[in-house]
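**Q** Fold the following for me, if possible:
(chains A and B)
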Number of protein chains: 2
Amino acid sequence: MAFPTNLKQLFNRAPKKNNWAGLIEAYRPWLPVTKKTPVISLYEGATPLLPVKSISDRIGNGVQVYVKYDGLNPTGSFKDRGMTMAISKAKEAGCEAVICASTGNTSASAAAYARKGGMKAFVIIPDGYVAQGKLAQALVYGAEILSIKGNFDTALDIVRELSEKYPITLVNSVNPFRLQGQKTAAFEIIENLGNAPDWLCIPMGNAGNISAYWMGFQEYFSANKSKKLPKMMGFQASGSAPLVIGKTVEEPETIATAIRIGNPVNKEKALLVKNSSNGKFLSVTDSEIINAYKILGKEEGIFCEPASASSVAGLLKLKDEVPKNSKIVCVLTGNGLKDPECAINNNDSIFHSGLNPDINSIAKTMGF
Amino acid sequence: MAFPTNLKQLFNRAPKKNNWAGLIEAYRPWLPVTKKTPVISLYEGATPLLPVKSISDRIGNGVQVYVKYDGLNPTGSFKDRGMTMAISKAKEAGCEAVICASTGNTSASAAAYARKGGMKAFVIIPDGYVAQGKLAQALVYGAEILSIKGNFDTALDIVRELSEKYPITLVNSVNPFRLQGQKTAAFEIIENLGNAPDWLCIPMGNAGNISAYWMGFQEYFSANKSKKLPKMMGFQASGSAPLVIGKTVEEPETIATAIRIGNPVNKEKALLVKNSSNGKFLSVTDSEIINAYKILGKEEGIFCEPASASSVAGLLKLKDEVPKNSKIVCVLTGNGLKDPECAINNNDSIFHSGLNPDINSIAKTMGF
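**A** Numbers count the residues shown, from 1 in each chain, chains lettered A, B, ... in the order given. Next up, the predicted model:
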């Protein structure tokens, strides 16, 4: 079976008019909100599920691969799905300040939604641990940033203690409303494909998102909105793979900063998901991650964070295990613009600089 | 009249399921495509139209202000709307390479769509003129970049001549298909509001987008999909305001790099739009732009390019001319992540660094 290029073949619904106002409004019956909940939204969700021919072709056997490009959420990552819920519920509870410990994406999202909701946002980050684009966001969104000596785990301990002792809501992934919001990505995939995929490939850092997706797939399956459940395939960077090696990594190291976490908060939940879904956890090297990152960029026009590319790198690594004619969705959790350094240091582009503005010599340089 | 916070009051349609597959599929009857046109799409369009209370409150008089956040397009700017059309038509014509001269957003978009369509992408840029994040994109998308000595106008002359003499399609804003794609943003606004706004506030660089929006508003008005036409309010940075001062600016200078253009390609078209719509052109200073940029960030959770903020800066400058109870849409053309430097250098955030990981001293720093 050839990879379909006609959109009517790809999706069970013809495209309709734009009428999206955020995931709480779209999935209200599925979420722990009431009429009294003030909806703090930046119209997150409804991100593209893009067919990726370049990856499908590399796998062959009639396999259809899609990417869920969650980097197109308002602050550039999947965190917005959870944050609209966490901040709306914090607002409903009368909270005036929120706090999180974050290596980047969570802090950006928390700050944006908190400020949109008229709340203060405190962000605790480990000194010297954050990609430039990510820090820029928290600053612009008006967060108060506290950079501490220590790693992500130290920062997380501190925010937990602060939120217990002081009137401030913790919006890290231990916040249960986060996963509720994040599960809607699974709903969207089922709506687009008309069913769940055979595999869901996803990067794992704190491992909250894999649990959230599984919750979403299970809920829609129970409601007869899909006919099957996917195998949940979780991927970590090899220098930061506590869920693959089965123990905490003291000094996690990888180019994929968004998943550079040595002691995942949701590890028990994630292991349960793996077992329940007959899934698999696997690590991919930084070089495999960058290979996938480059393919997505130069063959698909998709610019994602290095951490996001680990889902595609993992799928390519498991190439020979992919069932014939199956449908696979890889989650791209963040926007590549979050980490321009990585792009500048890792690309195969040809760059000619300092050329004279002369038409003939330029044409020659171009190969004419 | 208070600014509505209920989404059902804001929009004439309840939010529906996600089912978007790009603007060509959504607006096919309105675009110069046929069944034979290969659709090269990254599912651009359907970007959020967000109510912005902070700006509405500053204007008062029951005025409702919205921003059209086109920075959430696949490559982070409104350029994607035009590029899906330009590249699809280039592909239909059998073209194997495209070229553009660009200070950033156009090159990113052209490269992404060309590569998605299996074509080569050549980008001519002026030496030392481009924000880091933007260049990173063209590199990741696999463009071949030619950096020449000279300014944007020199680069534009060169790509025009190259596309005349060699088998390569020009996808700069002189490409007529670009404006066709861009006009769909006006369609989306009318669908969201149930009518055209009273004013459309928009940044002007090459001034293609204001012409495209006007085309869209006129087409939907003629088809009875809106009951009025908006006044088109175009804004330029004061150091780069050829359309305001009525002559070419030899050395344009502004923090808003995306509209730093001294000799706009579409100047005649833009002046016609101003006159036909009873609109106005005005310049805003860099400091007014940064003020608007900061408000959007820290009060709305919206991170845009500095150029985008000129539409909001212009509206705030014309505060006293805004009709009571009117609806205004400001176009935010690009994602703030494109220019992290600007964010880092222009924010009011509080940043404490090098703190000891001690709970009591941290709480004290936070004001508890």
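**Q** hey, where'd the helices end up in the stretch 51-200 of chain A?
**A** In the stretch 51-200 of chain A, the segments counted as helices under DSSP state H, counting those that start in this stretch are A:53-59, A:79-92, A:105-116, A:132-140, A:152-165, A:176-182, A:184-193.
**Q** Can you tell me which of those helices is most buried?
**A** Highest mean neighbour count of those: helix A:105-116, a mean of 31 (counted as mean count of other Cβ atoms under 10 Å in any protein chain shown). (Glycine included, C-beta is placed from N, CA and C.)
**Q** mean confidence for that helix?
**A** Taken as a whole, helix A:105-116 carries a mean pLDDT of 96.
**Q** Same check on stretch A:128-139?
**A** In this model, stretch A:128-139 has an average pLDDT of 73.
**Q** ditto for stretch A:270-289
**A** On average, stretch A:270-289 scores 98.
**Q** Give me the contacts around that stretch.
**A** Contacting residues not belonging to stretch A:270-289 are listed as A:204, A:207, A:210-211, A:214, A:229-239, A:241, A:243-245, A:254-256, A:264, A:306-307, A:309-310, A:313-314, A:316-318 [Cβ atoms under 8 Å, 6 or more residues apart in numbering or on different chains].
**Q** Among these, which ones are in strands?
**A** Among these, the ones falling in strands (DSSP state E) are A:K231, A:M232, A:M233, A:G234, A:F235, A:Q236, A:A237.
**Q** Setting the sequence-adjacent residues aside, check what's closest to the last one.
**A** Sequence neighbours aside, A:T254 is the residue nearest to A:A237 in space, at 3.4 Å (criterion: Cβ to Cβ, 6 or more residues apart in numbering or on different chains).
**Q** if we can go back for a sec, among the contacts of stretch A:270-289, name the buried ones.
**A** A:204, A:207, A:210-211, A:214, A:229-239, A:241, A:243-244, A:254-256, A:264, A:306-307, A:309-310, A:313-314, A:316-318 (16 or more other Cβ atoms under 10 Å in any protein chain shown).
**Q** Tell me who's in contact with the residue nearest the centre of chain A.
**A** For chain A, A:T333 is the residue whose C-alpha lies nearest the centre (Cα atoms, centre = their mean; 1.8 Å). A:T333 makes contact with A:70-71, A:77-78, A:105, A:202-203, A:209, A:258, A:304-305, A:307-308, A:311, according to Cβ under 8 Å, 6+ apart.
**Q** hang on, the earlier thing: would CSV of the helices of the stretch 51-200 of chain A with distance to chain B be doable?
**A** Formatted as CSV, the helices of the stretch 51-200 of chain A follow (distance: least, Cβ to the nearest Cβ, whole Å):
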stretch, distance to chain B
helix A:53-59, 9
helix A:79-92, 9
helix A:105-116, 3
helix A:132-140, 4
helix A:152-165, 5
helix A:176-182, 15
helix A:184-193, 5
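**Q** Tabulate those helices (JSON lines), appending distance to B:A292.
**A** Listed next are the helices of the stretch 51-200 of chain A as JSON lines, based on distance: least, Cβ to Cβ, whole Å:
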{"stretch": "helix A:53-59", "distance to B:A292": "40"}
{"stretch": "helix A:79-92", "distance to B:A292": "23"}
{"stretch": "helix A:105-116", "distance to B:A292": "16"}
{"stretch": "helix A:132-140", "distance to B:A292": "12"}
{"stretch": "helix A:152-165", "distance to B:A292": "32"}
{"stretch": "helix A:176-182", "distance to B:A292": "30"}
{"stretch": "helix A:184-193", "distance to B:A292": "32"}
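**Q** quick one, which of those helices is nearest to B:G82?
**A** Nearest of those to B:G82, taken as Cβ to Cβ: helix A:53-59 at 23.4 Å.
**Q** The closest one - contacts with which helices or strands?
**A** Packing contacts for helix A:53-59, counted by 3 or more Cβ pairs under 8 Å, 6 or more residues apart in numbering or on different chains; DSSP states H and E, involve strand A:64-69, helix A:286-300, helix A:306-317.
**Q** Report the angle between the longest one and strand A:231-237.
**A** Yep, that's helix A:286-300 we're talking about. Angle, helix A:286-300 to strand A:231-237, by axes from the mean of the first three to the mean of the last three Cα atoms, to 10 degrees: 110 degrees.
**Q** mind checking how far helix A:286-300 is from the chain centre?
**A** 16 Å (Cα atoms, centre = their mean, to the nearest Å).
**Q** do the same with the last one
**A** Counting by Cα atoms, centre = their mean, helix A:306-317 is centred 12 Å from the centre of its parent chain.
**Q** what's next to the helix or strand following it, contact-wise?
**A** Downstream of helix A:306-317, the next assigned helix or strand under DSSP states H and E is strand A:327-332. Outside strand A:327-332, the residues within contact range by Cβ under 8 Å, 6+ apart are A:49, A:52, A:55, A:63-71, A:78, A:185, A:189, A:193, A:195, A:197-203, A:209, A:213, A:230, A:296, A:302, A:304-305, A:308-309, A:311-312, A:315, A:322.
**Q** Span of stretch A:175-189 from start to end?
**A** This stretch, stretch A:175-189, spans 24 Å end to end (Cα to Cα, to the nearest Å).
**Q** Quick check, A:D127 in contact with B:S353.
**A** Yes - contact criterion Cβ atoms under 8 Å: A:D127 and B:S353 qualify, at 6.7 Å.
**Q** intersection of neighbour lists for the two?
**A** Residues touching both A:D127 and B:S353 (Cβ under 8 Å, 6+ apart) are A:S147.
**Q** hang on, the earlier thing: adding distance to A:A93, write the contacts of A:T333 out as JSON lines.
**A** Below are the contacts of A:T333 laid out as JSON lines (distance: Cβ to Cβ, whole Å):
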{"residue": "A:D70", "distance to A:A93": "27"}
{"residue": "A:G71", "distance to A:A93": "30"}
{"residue": "A:S77", "distance to A:A93": "25"}
{"residue": "A:F78", "distance to A:A93": "24"}
{"residue": "A:N105", "distance to A:A93": "24"}
{"residue": "A:I202", "distance to A:A93": "30"}
{"residue": "A:P203", "distance to A:A93": "31"}
{"residue": "A:N209", "distance to A:A93": "24"}
{"residue": "A:A258", "distance to A:A93": "29"}
{"residue": "A:C304", "distance to A:A93": "34"}
{"residue": "A:E305", "distance to A:A93": "32"}
{"residue": "A:A307", "distance to A:A93": "31"}
{"residue": "A:S308", "distance to A:A93": "32"}
{"residue": "A:S311", "distance to A:A93": "34"}
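**Q** out of the residues you listed, which is most surrounded?
**A** Of all these, A:S308 has the most neighbours under the rule other Cβ atoms under 10 Å in any protein chain shown, reaching 35 neighbours.
**Q** what's the neighbour count on the closest residue to that one other than its chain neighbours?
**A** Leaving out its chain neighbours, the residue that sits closest to A:S308 by Cβ to Cβ, 6+ apart is A:L332, at 4.0 Å. A:L332: 31 surrounding residues under other Cβ under 10 Å.
**Q** hey, what's A:L332 bridged with?
**A** Per DSSP bridges, the residues bridged to A:L332 are A:Y69.
**Q** And it, what's its pLDDT?
**A** pLDDT, A:L332: 98.
**Q** Repeat that for A:S173.
**A** On the pLDDT scale, A:S173 is placed at 78.
**Q** Next: A:K8.
**A** Per-residue pLDDT puts A:K8 at 45.
**Q** Next: the one 4 residues further on.
**A** According to the model's per-residue confidence, A:N12 sits at a pLDDT of 39.
**Q** With the one 3 residues further on instead?
**A** If you check A:P15, the pLDDT there is 39.
**Q** ok, A:L193 to A:T254 distance?
**A** 31 Å (Cβ to Cβ, to the nearest Å).
**Q** typed the wrong thing, it's A:D198
**A** 28 Å.
**Q** how about the residue nearest to A:A237, what does it touch?
**A** A:A237, A:S238, A:G239, A:S240, A:R260, A:D286, A:I289.
**Q** what's the answer for A:I145, then?
**A** Here A:I145 is in contact with A:S107, A:F122, A:V123, A:I125, A:L135, A:A138, A:L139, B:S349, B:I350, B:F351, B:H352 (criterion: Cβ under 8 Å, 6+ apart).
**Q** All set, thanks.
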